[in-house]
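> fold the following.
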Amino acid sequence: MMGRTFSFNVLLFCGCLLGYGAGCAASTLELVDREVRSLFETAAPAVVKVHAERCPQPTDVRVRPLHAVGTGFFVEDTGHLLTAASVVEEADLCWIDAGGQRVNARVLGRDPVSNVALLQVDGSFPSLSFGDSDELQIGALVVVIGFPRNLPSAPMVGFVTGFDSYCGRRALPTTHLRASCRLAPGQGGGPVLNARGELVGLAVARHSDDQSSILPAKALRRIYADLKQFGEVRYAWVGLQIRDTDRQVVVAGLATNAPAALAGFREGDVVVRIGDHEVRTTADVLHAMFFHRAGERLSFTIHRGGQPVELTVTAGAR
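You can find the predicted model right below:
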């Protein structure tokens, strides 16, 4: 009910600004203010400040901070919390600040590919519930909670502005959300909530144009499951070398004795589908493979000589 009311209030607010009267706008602003504060007050107990320290090494060749601070959040009442992997990179000691109390934390696993880390502390804490990130569309309202510049936690309201498969020329491991939220140092790893207060992503990076990059909850759940079970993410690998050519993905090479080679792939094959995912760019391939694990059987549809061919590949470990 809160989510529907909040969405309606935002729409009403926009209508008021378009000319329905200053009194209407003022009253709607007050409603939006109460909704955001209520959402923040409900979620804030599950959001904590994460500290990471590392010992300097004689072999250090670049300047790296000895003490990093970021944001994390609990996803289970068993003491499991998620944060950005960059916050706890090479940390020798980690702890969280929970309500003014220092609680030591263990790093259960880090994934530099997705920039996600899983920590655990002793005790039970309030947690956030996963929402459906696939429901988000451009213009959807989101709220990021974090600790900007080592200050107390605060909400930041923004809107989904796009869906990114690339960062510059680099293909992302899976599609990321882009939102109009300017992340400050200390907010990395913070939870991203929808208007219902559900977890729909993790803030992983900021852009120079005051936008933030968000790993969607669908991808975050996949990373979390692997880190919790294995301490690492077991990405699927088939050994294809691919390139983009005129809105097609062409096999440019095959690793020797790789799963793809054993399944019958050839150079020059055009990949058009992986399971239910249509393929038009290399980013589509990465996005489709992101949600599969080593050992799974994957169905590929390719074009060879203008004819469709179905191939089944048992994925190996990356």
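
> count of residues packed around Ile274?
By other CB atoms under 10 Å, the residues close to Ile274 number 22. In short, each C-beta sits where N, CA and C put it, glycine included.

> next: Asp97.
Asp97: 14 surrounding residues under other CB under 10 Å.

> how much space between it and Phe40?
18 Å (CB to CB, to the nearest Å).

> just Ala315 next, same as before
Distance of Ala315 to Phe40, given as CB to CB: 42 Å.

> and stretch 175-194, how far from the chain's centre?
The chain centre lies 9 Å from the centre of stretch 175-194; the measure is CA atoms, centre = their mean, to the nearest Å.

> quick check: nearest residue in space to Ala140, chain neighbours excluded?
Counting by CB to CB, 6 or more residues apart in numbering, Ala140 lies nearest to Val160, which is 4.5 Å off, once chain neighbours are set aside.

> list the helices and strands the helix or strand harbouring the one you found packs on?
Element membership for Val160, per DSSP states H and E: strand 154-167. Under the contact criterion of 3 or more CB pairs under 8 Å, 6 or more residues apart in numbering; DSSP states H and E, strand 154-167 touches helix 22-43, strand 141-146, strand 170-179, strand 212-216, helix 282-290.

> looking at the ones you listed, which is nearest to Glu310?
Among those, the nearest to Glu310 by CB to CB is helix 282-290 (15.5 Å).

> can you name the element that comes right after the closest one?
Remark: after helix 282-290, the chain's next helix or strand is strand 297-304, criterion DSSP H and E.

> now the angle from that next one to helix 282-290?
160 degrees (axes from the mean of the first three to the mean of the last three CA atoms, to 10 degrees).

> what's the next helix or strand after strand 297-304 in contact with?
Using DSSP H and E, the helix or strand that follows strand 297-304 in sequence is strand 307-314. Here strand 307-314 makes contact (CB atoms under 8 Å, 6 or more residues apart in numbering) with 238, 259-260, 263-265, 269, 272, 295-303.

> output the below-cut-off pLDDT ranges for the stretch 101-250 of the chain.
Applying pLDDT under 70 to the stretch 101-250 of the chain flags residues 208.

> and the strands in it, which stretches?
101-111, 116-120, 141-146, 154-167, 170-179, 191-193, 199-206, 212-216, 236-237, 240-245, 248-254 (DSSP state E, counting those that start in this stretch).

> what's the closest of those to Ala283?
Nearest to Ala283, of all those, is strand 154-167, at 3.6 Å by CB to CB.
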